[in-house]
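Engineer: below are the sequence and a predicted model; questions follow.
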Amino acid sequence: ILRRFGLPVVVAVNRFPEDTDDELDTIQQIARDAGATAVAVSSAFAEGGNGALSLAAAVAKASEQPNHFTLLYPDDLPAEDKLATIAMQVYGADGIDLAPEAKRQFQLYRRLGFGELPVCIAKTQYSLSHDPNLLGRPRDFRLPIREVRLAAGAGFLYALAGDIRTMPGLPSEPAAYRIRVEPSGQVQHLT
């Protein structure tokens, strides 16, 4: 994955109070051995912005290097193929399995003229797969897609992998701000 896009790779290593220098040195060496352009230890967790200065400097320096940026897929590729490309080339999946509902949704989006939009995948944050128990870079798995949603205003489709759930959009002002307790003790604006 590191070099797939033709860009320099900067690895940020988050330093926590219990981390030892030996552990941090080992992690940095592993990142360099894997091909990272730069590795920086960040202690922003404890020090705020000052703890991220070395990371910022590494990113700034890497951005000055020549690059050979390439997109993962062409814009005019059908959305299903874009999804499969991400699953296989970035996540390491053997392919995708579209649930019947996802297949119907792709057909609808194609008919409506949204069949070549960019795609995003909602999946567990714990794994490159759909399964939070498949840690590291899993192999020998297929990415199950149960649903595909259209974000027409934003201009992309997003696929739901495995059992992932999405959060609803929230208002700019929570309804709780309107709740009032009258002098009589009656609570107003609960609904």
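Structural biologist: Good, I have the coordinates.
Engineer: quick one: contacts for Val41?
Structural biologist: Val13, Arg15, Leu24, Gln28, Ser54, Leu55 (Cβ atoms under 8 Å, 6 or more residues apart in numbering). From N, CA and C alone the C-beta is placed, and that goes for glycine too.
Engineer: that's a strand at it, yeah?
Structural biologist: Yes: counting by DSSP: H, G, I helix; E, B strand; the rest coil, Val41 is located in a strand.
Engineer: could you measure from it over to Ala56?
Structural biologist: When Cβ to Cβ, to the nearest Å is applied, the distance between Val41 and Ala56 equals 12 Å.
Engineer: ok so, going back, generate a ChimeraX selection restricted to the buried entries among the contacts of Val41.
Structural biologist: The buried subset of the contacts of Val41, as determined by 16 or more other Cβ atoms under 10 Å, is captured in ChimeraX by this line:
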select :13,15,24,28,54,55
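Engineer: list the ones among the contacts of Val41 that fall in helices.
Structural biologist: Using DSSP state H, the subset of the contacts of Val41 located in helices is Leu24, Gln28, Ser54, Leu55.
Engineer: show me what contacts the closest residue to the second one other than its chain neighbours?
Structural biologist: When you say that, I think you mean Gln28. Using Cβ to Cβ, 6 or more residues apart in numbering and skipping the chain neighbours, the partner closest in space to Gln28 is Val39 (4.4 Å). By Cβ under 8 Å, 6+ apart, the contact list for Val39 reads Val10, Val11, Val13, Gln28, Ala31, Arg32, Ala58.
Engineer: elements contacting the helix or strand hosting Leu108?
Structural biologist: Secondary-structure assignment from DSSP states H and E places Leu108 in helix 100-111. If contacts are counted by 3 or more Cβ pairs under 8 Å, 6 or more residues apart in numbering; DSSP states H and E, helix 100-111 sits against helix 79-85, strand 143-151.
Engineer: pretty sure Thr70 contacts Gly6?
Structural biologist: Yes: Thr70 is within contact range of Gly6, at 4.8 Å (criterion: Cβ atoms under 8 Å).
Engineer: count of neighbours near the closest residue to Ala36 other than its chain neighbours?
Structural biologist: With Cβ to Cβ, 6+ apart as the measure, Val11 is the residue that lies nearest to Ala36, at 4.5 Å, once sequence neighbours are left out. Counted by other Cβ atoms under 10 Å, the residues lying close to Val11 total 20.
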